[in-house]
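Enquirer: Quick one: sequence and predicted model below, then my questions.
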Amino acid sequence: MSALAATAPLVRLTGVTKVYRMGDVEVQALRGVSLAIAQGGLTAIMGASGSGKSTLMNIVGCLDRPSAGRYELAGRDISGLSRAALAELRNRTLGFVFQSFNLLARTSALENVELPLLYAGVSGRERRRRAVAALGRVGLADRLRHHPAQLSGGQQQRVALARALVMEPRLILADEPTGNLDSTTSAEVMALLQQLGHGGITVVLVTHEPDIAAYAERVIVMRDGCVQSDHAQQPLRAPEPAAAASALPAPTTAAARPVLAAPTGAAR
């Protein structure tokens, strides 16, 4: 990790609150959350239903805005960005992995991974090259033309991970990524996430499973919209899956990628 990354966290929240209004009723989902997450490594966020962990993930992922407080990504306050600028930021700086995989059923693994590149206006030849490389990184170079129904749950999640990686993000947000997987396949997915963290990509994982959180270097526990505990730990080392043991080299560009500047005139 560079000295810059060590002194300037990739993610910093200061006094962040989030209030949802349902008619005359206010629900405080976050209550003055302050935390910082450095570049690289694997952080787990835990908490019971309604604890605020998903709201926290949505704010970190630029899918929602704080009601109050400050959120900085790579040292830059993003609260003033327009919706279009936030969408561009998500596409080029963040990667998302979900419990339900969110793959398009009628398209191949290759085409699913190409989607973020398509939205970014990347040429067809370059899209294919980068998507093939991303699938190779997660051990699926021999499954390019397979559709989701032809893949196991673990393979589908690896396609989703390749899709998250294809834009070379600095931050990957994984929401219950092992929730639909058996224990062996879950360990394989966690091995890939650990490798990414060791390679310099910041991985933030939401989970309710203590055995999955055991793979993280840091565990943040939410309760009633507040950080109940935040501690470092010696992570359990996930066994490397045979198909991807040597397929996921450390990224060389992610830690150096700047956050895109907002378009001129961007407003909240």
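Expert: Structure received.
Enquirer: since we're on residue 38, how many residues are nearby?
Expert: 17 (other CB atoms under 10 Å). For the C-beta atoms, the positions are set from N, CA and C on the backbone; glycine is no exception.
Enquirer: I should have written residue 152 there, sorry.
Expert: With other CB under 10 Å as criterion, residue 152 counts 11.
Enquirer: same deal with residue 155?
Expert: Using other CB under 10 Å: residue 155 sits among 21 other residues.
Enquirer: which of the residues in stretch 180-197 are buried?
Expert: 180-181, 185-197 (16 or more other CB atoms under 10 Å).
Enquirer: nearest to residue 85, of the residues you listed?
Expert: Proximity of the buried residues of stretch 180-197 to residue 85 (CB to CB) peaks at residue 196, which lies at 25.8 Å.
Enquirer: Packing partners of the helix or strand hosting that closest one?
Expert: Using DSSP states H and E, the secondary-structure element containing residue 196 is helix 183-198. Contacts defined by 3 or more CB pairs under 8 Å, 6 or more residues apart in numbering; DSSP states H and E place helix 183-198 against strand 42-46, helix 153-165, strand 171-175, strand 202-206, helix 210-213.
Enquirer: May I have the fourth one exported as CSV, CA atoms only?
Expert: It stands for strand 202-206. Extracted in CSV, the C-alpha atoms of strand 202-206 (Å, rounded to 0.1, in the frame of the first residue of the first chain):
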residue,chain,number,x,y,z
THR,A,202,-10.7,-2.0,-1.6
VAL,A,203,-13.4,-4.6,-1.0
VAL,A,204,-16.3,-3.8,1.4
LEU,A,205,-18.6,-6.7,2.1
VAL,A,206,-22.0,-6.7,3.8
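Enquirer: what packs against that strand?
Expert: Taking 3+ CB pairs under 8 Å, 6+ apart as contact, the helices and strands that strand 202-206 lies on are strand 42-46, helix 53-60, strand 171-175, helix 183-198.
Enquirer: Just put the ones you listed in JSON lines and tack on mean pLDDT.
Expert: Output for the helices and strands packed on strand 202-206, formatted as JSON lines (pLDDT from 0 to 100):
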{"stretch": "strand 42-46", "mean pLDDT": "97"}
{"stretch": "helix 53-60", "mean pLDDT": "94"}
{"stretch": "strand 171-175", "mean pLDDT": "96"}
{"stretch": "helix 183-198", "mean pLDDT": "93"}
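Enquirer: quick one, which of these is nearest to residue 139?
Expert: Of all the helices and strands packed on strand 202-206, helix 183-198 comes closest under CB to CB, at 8.3 Å.
Enquirer: For the stretch 151-268 of the chain, give me the ranges with low pLDDT.
Expert: In the predicted model of the stretch 151-268 of the chain, residues 241-268 satisfy pLDDT under 70.
Enquirer: residue contacts, the spatially most central residue of the chain?
Expert: Nearest to the mean C-alpha position of the chain, counting by CA atoms, centre = their mean, stands residue 173 at 1.6 Å. By CB atoms under 8 Å, 6 or more residues apart in numbering, the residues touching residue 173 are 57, 60, 61, 94, 95, 96, 97, 204, 206.
Enquirer: number of nearby residues for the residue lying closest to it once chain neighbours are set aside?
Expert: Distances taken as CB to CB, 6 or more residues apart in numbering put residue 61 closest to residue 173, at 4.8 Å, once the chain neighbours are dropped. Residues lying near residue 61 (other CB under 10 Å) number 19.
Enquirer: Fine, thanks again, bye for now.
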